[in-house]
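A.B. asks: With the input below, show me the fold.
(one chain, ligands or ions: 2)
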Amino acid sequence: MLKIAPSILSADFACLGSEIDEIKNAGADYVHFDVMDGAFVPNISVGIPVLKSIRKSTDMFIDVHLMIERPVRYVKQFCSAGADLVNFHVEADSRENIMEAISIAKSMGKKTGITLKPATGVQEALPFLKDVDMVLVMTVEPGFGGQSFMRQQLPKIEQLRKMIDELNPRCELEVDGGVDEDTAALCKKAGADVLVAGSAVFGKADRAAAIKAIREA
Ligand code: DX5
Ligand code: ZN
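C.D. replies: Ligands and ions are numbered 1, 2, ... in the order given. So this is what the prediction gives:
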């Protein structure tokens, strides 16, 4: 069954704890935690102290999406703060340093993922594919919630599905950006395992209905 990971970027930060309880009760699988540094992407969101607070208030699986430059500098802190899985953008540093970040997270008992921006080709995932638990495909330019789904990313999702099935079948394929009950069907057909949805979940009054609609798209 398709997993749903609501992105807290579209939640009400004044009551984040209850927002997360609500998506848990509504059947969400993961909490998607978007970290932005104002350098790798043109926006700033939340970081380590907020992750720590959330970790204390929920037992949900937290999928941390690091949209920061040279994430190897902060991987330890995000792991200690309570991430269950840390996603690193392949564009954020050299191959060696991304590899190093992955091995630090693993040594701390965490799951790991690599993320591709829309302009990044599938071959950039190859060097990491056997070592990670997730590949995340961006279907918007990272930085902001509420953007439109880029349909031209669908062939990339299909290609990655094939690569994952061949090289590391336990790895999950996640899609992030512009996912709603309409575009979810396209992602599912292309082979996604996990769908991130920000505005399509937190923007709706009935979160359970929103999650169900995306899952059953
Ligand atoms: C964008 C973030 C996404 C974003 C998704 O940079 O990585 O997780 O919050 O938001 P929606 O679902 O509204 O496109
Ligand atoms: Zn994200």
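A.B. asks: Near ligand 2, which residues of this protein are found?
C.D. replies: Neighbours of ligand 2 within the chain, by CB under 5 Å from the ion: 34, 65, 176. Glycine gets a C-beta too; all of them are placed from N, C-alpha and C.
A.B. asks: Can you tell me the SS state at the first one?
C.D. replies: Secondary structure state of D34, per DSSP: H, G, I helix; E, B strand; the rest coil, is strand.
A.B. asks: For it, give me its contacts.
C.D. replies: 7-9, 45-46, 65, 67, 198 (CB atoms under 8 Å, 6 or more residues apart in numbering).
A.B. asks: can you put those residues in JSON lines and add distance to E172, pLDDT and secondary structure?
C.D. replies: Converted to JSON lines, those look like this (distance: CB to CB, whole Å; pLDDT from 0 to 100; DSSP: H, G, I helix; E, B strand; the rest coil):
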{"residue": "S7", "distance to E172": "16", "pLDDT": "98", "secondary structure": "strand"}
{"residue": "I8", "distance to E172": "19", "pLDDT": "98", "secondary structure": "helix"}
{"residue": "L9", "distance to E172": "20", "pLDDT": "98", "secondary structure": "helix"}
{"residue": "S45", "distance to E172": "23", "pLDDT": "98", "secondary structure": "coil"}
{"residue": "V46", "distance to E172": "23", "pLDDT": "98", "secondary structure": "coil"}
{"residue": "H65", "distance to E172": "14", "pLDDT": "99", "secondary structure": "strand"}
{"residue": "M67", "distance to E172": "19", "pLDDT": "99", "secondary structure": "strand"}
{"residue": "G198", "distance to E172": "19", "pLDDT": "98", "secondary structure": "coil"}
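A.B. asks: which one of the residues you listed is nearest Q77?
C.D. replies: Minimum distance to Q77 across these is 13.3 Å, recorded for V46 (CB to CB).
A.B. asks: so what's the closest one closest to, chain neighbours aside?
C.D. replies: Distance criterion CB to CB, 6 or more residues apart in numbering; nearest residue to V46, sequence neighbours excluded, is V35 at 6.6 Å.
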